[in-house]
Every structure is written in C-alpha cells, then in structure tokens.
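Peer 1: Fold the following for me, if possible:
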Amino acid sequence: MKRTCLPQTIKLAIFDLDGTLVDAYRAIADSVNHTMERLGLPRQSLRTVIRSVGWGVDTLIRSFVEEAQAEEALRIFRAHHDKRLRRNLKALPGARALLAFLKKRGCRMAIASNRPTKFCHIILEELEIDGYFDHVVCGDAVKRPKPHPDMIRLVLKKTRVRPSEAIYVGDMSVDILSGNRAGVFTIGVPTGSCTVEEILEAGPDLLIRKLSDIKKIL
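Peer 2: Alright, predicted model coming up:
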C-alpha cells in the first residue's frame, strides 16, 4: 500500500467533498428519486445512490436511466437539486475541527470534487466552511474529472505547491487513483461510498478510520 513518504512539510491539503467532509447523500437520493418519479421509473434506495455517486452528476443519472432520457433526467435532477441541496446538509464528524486545525497550522486547503462547481459552492456556503478553502476545483472545470489527475494538478498549479508538499484526502477509490496519478500523498477514509477493501485496492499511501486521525499523523 505504501507508495510515497508523508511530506515532511505539508503546505497544501486537498479534500474530496461528498463522503469525505460532508454528508449530502439524502439530498442526492431525494433528487434522484424525484427524477425517477417524474420519468415514471422505479425509486432507488439510499444505499444504491450512495454507492453510485462520486463519478459526477452525468454518470450518476445515466446509471439509472436509458440514454434517450438522460438529458431530460439531468435537467430535472439539476433543477430539483439546486433547491433540495440547501436543506439537511451536515459536516461529517471531525471535519470542522480538522479544517480549523489545519488553518491554525498555516496549511492551505482546497477542494477537488467531481461535483459541478455550482453545487460544491452551495454546500460549502450552507455549512459555512467555504472560508477555509483557497481553491475549489470541480469536475466541470477540467476536461477530465477524477480518476484523472487534472483537478489536483490544477490545484497544485494555482497554489504553486509541489506534489511532494501536498496531501489528498478522499473516501473513494476514484480519489485515490486521482491523487496517485498527480503524485501527491493520498489518504483514504472509509466514511462515504467505498468499502475499506475498495479503497485499499486503489493503493492509498495511508488508510485512516476517521478524519480526526489526520491530526495524529501530523
């Protein structure tokens, strides 16, 4: 599992959003099922939706509808999610404390998420944690979203931080693959869509049980 050494000086901490820092799964599931009902399709369980997120909205919706309905389904989902996402959001345990800890240490922070930019900013603003992040780079800001390294590389470029001075934290194998390909130290945390086994298979540099464990390694 070990691929690189933990940076001696961590200048930048990059985070995935859903399942890593925040829990917005019920909002996602409600918007998915609103879309299903509008199209006369079967509802999806919360667990099924959780296991389907992380690859971007287009991929999420297309996993539940036929291609001929995809564009209409995406339009319905986005319109509903724009309003639904503002309710019942919550930060995952330890997230706020970790962000405050890193900020106090002078560590810069960024988000790299496959979510559309608009929805990422809604979440960060509603939870009042947007002020912690220097940059928010999302799937619609690059040609190739995760598992490609483009988002992380863009964050590194914007912050002028070397890969050897950065870490990337995520809950999915797609996050680990993206971080590995960008050459940063990757940390997996099984608090979202993937199992421990799936995260380990992707080859993280470190696996932790919960976000607060990051304080211990620093």
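Peer 1: Please name the spatially closest residue to G19 (chain neighbours excluded).
Peer 2: With sequence-adjacent residues excluded and distances taken as CB to CB, 6 or more residues apart in numbering, G19 is closest to G192, at 1.9 Å. No exception for glycine: its C-beta is placed from N, CA and C like everyone else's.
Peer 1: Next up, the contacts around that neighbour.
Peer 2: The contact partners of G192, by CB atoms under 8 Å, 6 or more residues apart in numbering, come to D18, G19, T20, I50, G54, D171, M172.
Peer 1: gap between the third one and A100?
Peer 2: When distances are taken as CB to CB, to the nearest Å, T20 and A100 turn out to be 16 Å apart.
Peer 1: ok, the two, which is more surrounded?
Peer 2: Neighbours per residue (other CB atoms under 10 Å) separate T20 from A100, with T20 holding more: 25 against 12.
Peer 1: ok, which stretches of this structure are strands?
Peer 2: Along the chain, the segments classed as strands by DSSP state E run 12-15, 22-23, 90-91, 108-113, 135-138, 166-170, 185-188, 206-207.
Peer 1: Same list, those, but as CSV with mean neighbour count and distance to F119 please.
Peer 2: Compiled in CSV, the strands of the chain are given as follows (neighbours: other CB atoms under 10 Å; distance: least, CB to CB, whole Å):
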stretch, mean neighbour count, distance to F119
strand 12-15, 27, 16
strand 22-23, 22, 11
strand 90-91, 14, 16
strand 108-113, 25, 9
strand 135-138, 21, 8
strand 166-170, 28, 17
strand 185-188, 26, 23
strand 206-207, 18, 28
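Peer 1: As a quick check, tell me the outermost residue of this protein.
Peer 2: In the chain, counting by CA atoms, centre = their mean, G40 sits farthest out from the average C-alpha position, at 29.9 Å.
Peer 1: Below-threshold pLDDT in the chain: ranges please.
Peer 2: For the chain, the stretches flagged by pLDDT under 70 are 1-4.
Peer 1: count of residues packed around V155?
Peer 2: The tally of other residues near V155 (other CB under 10 Å) stands at 26.
Peer 1: tell me the contacts of it?
Peer 2: So V155 contacts L12, I14, A110, A112, H135, V137 (CB under 8 Å, 6+ apart).
Peer 1: Please repeat the previous calculation with a cut-off of 10 Å.
Peer 2: V155 sits next to 12, 14, 108-112, 133-137, 161, 166, 168, 182, 184 when contact means CB atoms under 10 Å, 6 or more residues apart in numbering.
Peer 1: With T35 instead?
Peer 2: 41, 44, 61, 64-65, 69, 72-81.
Peer 1: Could you do D140 as well?
Peer 2: The neighbourhood of D140, defined by CB under 10 Å, 6+ apart, consists of G56, V57, D58, N114, R115, P116, T117, K118, F119, C120.
Peer 1: If we use 8 Å, what do you get?
Peer 2: P116, T117.
Peer 1: what about it, distance to R38?
Peer 2: Distance, D140 to R38, using CB to CB: 23 Å.
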